[in-house]
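K.L.:
give me coordinates for this.
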Amino acid sequence: MRKFQSGRSLSSEPQHKSSASSLKSRVPKGLLFCSAGLLALLASSILPARAQTVPHPLDGLTAPEYWTSYEVLKASGKVNSKTRYTLVQLQEPPKEEVLAWKPGLSIRRQSRVVVKQGPQTFEAIVDLGTKKLSSWNEVKGIQPNMPFEEEMDSGVDEAVKANPEWQAAMRRRGYTDFDTVHCGGYGTGYFATPEEQGRRLLRVECQDSRGVWEGWGRPLEGLVVMWDANERKVLRVIDSGAVPVPQAPANFDLASVGALRAMPTPITVQQPLGPSFNLSGQTVNWQKWNFHFRIDRRVGLVVTNVGYEDGGKLRSILYEGSLSEMFVPYMDPSEGWYAKSFFDAGEFADGFSSSLEPGEDCPENAVYFEQVYANFKGIPQLRPRAACLFEQAAGDIAWRHEGNMVESRKGRSLVLRTIGVFGNYDYVFDWIFRQDGTIQVRVGATGLDEVKGVKSRTAADDHDGKSDMYGRFIAENIVGVNHDHYFSYRLDFDVDGAANSFVRDQLSVQRLPSSSPRKSLWVAEPLTAKTEQQAKLHMSMEQPEIWRVVNPNVKSPLGYPVGYELMPTEGAMSLMVPEDYPQQRAGFIDYQLWVTPYRDNERYAAGDYPMQSKGGDGLPSWTKANRGIENTDIVLWYTLGFHHVPHSEDWPVMPAMWHGFELRPVNFFAHNPALDLPK
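P.N.:
Predicted coordinates:
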């Protein structure tokens, strides 16, 4: 759902206050009476990025390290003033080095830089310790990701509006003044046309922001411009007919909403003694949990080295977990819509830097973390409040039973949150740690529907049914087009060590003999997947399964292999046919679950470069080898998804829709790990 438009601009980079001057505004009111020592502790927790220290090998790159990457490439003579840096990331050290690392030991630090040099793309590895260029390789036959800054850099808006054909099409729509019109582009995908070959293409569409804060609700439907982003020129203008520009109210700021409902009575979240988690850099310790995290520009939160203390021993569960890819295909075959099939993470790789609103995006007791990243020119930028961490109770019951007496314990969870913004959609990403050893992963989809301007005012006026054939009216002259959302997660399990197996507990019907009063029941029959092909799975209500990662070498006190279950809460199967190009390019959605042996270069479900990819990259390609996955280091790839038929409640801004899954212990503990919660 990513289309560049006037809602974001390079001039909107935040103004950065000093740590001392901004601290007071970040501390909940209930903490203002705390001691100076506690405030100092909070300051070090809230602002770890400013310290620019690297206490952990999986910490994100610091500003000095981004500068080192920039200077090393400049000194190499391989880049120049026209070079653009589409992505700069931490190049993770080898897994065995990270697992062997202890505080105080030296750390291998490298950056991976994707360099766009005209039409050529290069991958560079910079050794940040020696300040040397370790490798420089051209990557042929691909298109690198396209961050928002590329549109600004290429001048597509000005060039399109200067095009005579486009101007003529606009005059046919009654426009002679283009000052409030903004034109922005999105990737064309791939449909095997001659025009696509060897070009970096954008499909450019325009919006009129007159009278509204954003132009999403004012599309200039029926007008598409094909733009060559390398040559920076218009290839052709496609005018399929003028459609009235919608005029439905589209603003949702306080001044525009109208009368507000009565303010409810306050619910105050206060922790006057400070949070009960401990921070060491970006390593978190809370209620027997210990984990590390960083914010990646492409995939957002990367949670690593996740373990749980049990009997005085920190037991490993997850080496690394993160989003891997997002895919959002729209279901309209018209000229302006058929190509809209977005890989929001991989095609853009710049969505995870939204600043969180204190008290709104995160509660009053949240602690915030800043993000450092490199812009399109390789220069480090600082984004405040890019992630937050907070405890919540929310009325959860950890466990309860009433017998001769009532024994009940209230639960508490720890939430790590970030928000990614991809054009019209805002996604809230949570990693939630519970006291009973469960990890909940969830996504909240909010923001705006991508909408189509239509001639009919409402469904009642759509007498031939053409206006809402591929969606639903959500406002006057506005149809929200049907689409799907898919989120692929990469989960590198290390359950009590790296040697793990994947087990499918198949729940099968068992018929009983006629002598039994019962005629049927079900039994759980475990099947250990030995190869990748045996672990490519669909969710099924008719043939249910329980999916577990186990360590066959470590047994529970009762003799079972220790393990963790991946428990889906919802999912969606793709309804596109196999020969459809978007389906081929997003082959990871063929199955809800894949299991692969760990490889450090297999990180993205749709491949490293989904921009204009031809299909088959990522999981479909890797699993062709049908590698062994038994009693070895394995990675689970789970895709949650949902179909979205828009409706009027989506307008002018969507209520958050939540979806997710859980990772739950299965015979990992000797008993309920939350049994020791205080009353």
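K.L.:
and the next element down the chain from whichever helix in the chain runs longest?
P.N.:
Longest helix in the chain, counting residues (DSSP state H): helix 63-76. Next along the chain after helix 63-76, taking DSSP states H and E as the criterion, comes strand 84-91.
K.L.:
name the residues that touch that following strand?
P.N.:
58-61, 66, 69, 110-116, 125, 144-147, 150, 153, 294, 296-298, 349, 373-378 (C-beta atoms under 8 Å, 6 or more residues apart in numbering). Any C-beta I mention is one placed from the backbone N, CA and C, and that applies to glycine too.
K.L.:
quickly run through the sheet partners of it, with directions.
P.N.:
Paired neighbours of strand 84-91 in the sheet (DSSP bridges): strand 110-117 (antiparallel).
K.L.:
got the buried residues for the partner strand?
P.N.:
For strand 110-117, a neighbour-count test (16 or more other C-beta atoms under 10 Å) marks 110-116 as buried.
K.L.:
then stretch 447-454 to CSV, C-alphas only?
P.N.:
Presented in CSV, the C-alpha positions along stretch 447-454 are these (Å, rounded to 0.1, in the frame of the first residue of the first chain):
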residue,chain,number,x,y,z
GLY,A,447,-4.1,4.2,9.0
LEU,A,448,-6.0,4.6,5.8
ASP,A,449,-7.5,2.4,3.2
GLU,A,450,-6.0,2.9,-0.3
VAL,A,451,-9.1,4.2,-2.2
LYS,A,452,-10.4,4.5,-5.7
GLY,A,453,-12.4,7.4,-7.0
VAL,A,454,-15.6,6.3,-8.8
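K.L.:
neighbours around Gly336, how many?
P.N.:
For Gly336, the count of nearby residues is 20 (other C-beta atoms under 10 Å).
K.L.:
contacts only, for it.
P.N.:
Gly336 is in contact with 203, 205, 221-224, 240, 452, counting by C-beta under 8 Å, 6+ apart.
K.L.:
can you list the low-confidence ranges for the stretch 301-450 of the chain?
P.N.:
Along the stretch 301-450 of the chain, the parts satisfying pLDDT under 70 run over 394.
K.L.:
now the buried residues of strand 110-117 in CSV, with pLDDT and distance to Ser354?
P.N.:
Below are these laid out as CSV (pLDDT from 0 to 100; distance: C-beta to C-beta, whole Å):
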residue, pLDDT, distance to Ser354
Gln110, 98, 27
Ser111, 98, 23
Arg112, 98, 23
Val113, 98, 23
Val114, 98, 22
Val115, 98, 26
Lys116, 97, 24
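K.L.:
give the buried residues for stretch 257-270.
P.N.:
Val269.
K.L.:
can you check stretch 277-296 too?
P.N.:
So, applying 16+ other C-beta under 10 Å, buried residues of stretch 277-296: 277, 279, 281-284, 286-296.
K.L.:
for PyMOL, what selects the buried ones among the contacts of Gly336?
P.N.:
The following PyMOL line selects those of the contacts of Gly336 that are buried, judged by 16+ other C-beta under 10 Å:
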select buried, resi 203+205+221+222+223+224+452
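K.L.:
now render the contacts of Gly336 as CSV, adding pLDDT.
P.N.:
Output for the contacts of Gly336, formatted as CSV (pLDDT from 0 to 100):
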residue, pLDDT
Arg203, 97
Glu205, 97
Glu221, 97
Gly222, 96
Leu223, 98
Val224, 98
Ser240, 96
Lys452, 97
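K.L.:
can you flag which of the contacts of Gly336 belong to strands?
P.N.:
203, 205, 223-224, 452 (DSSP state E).
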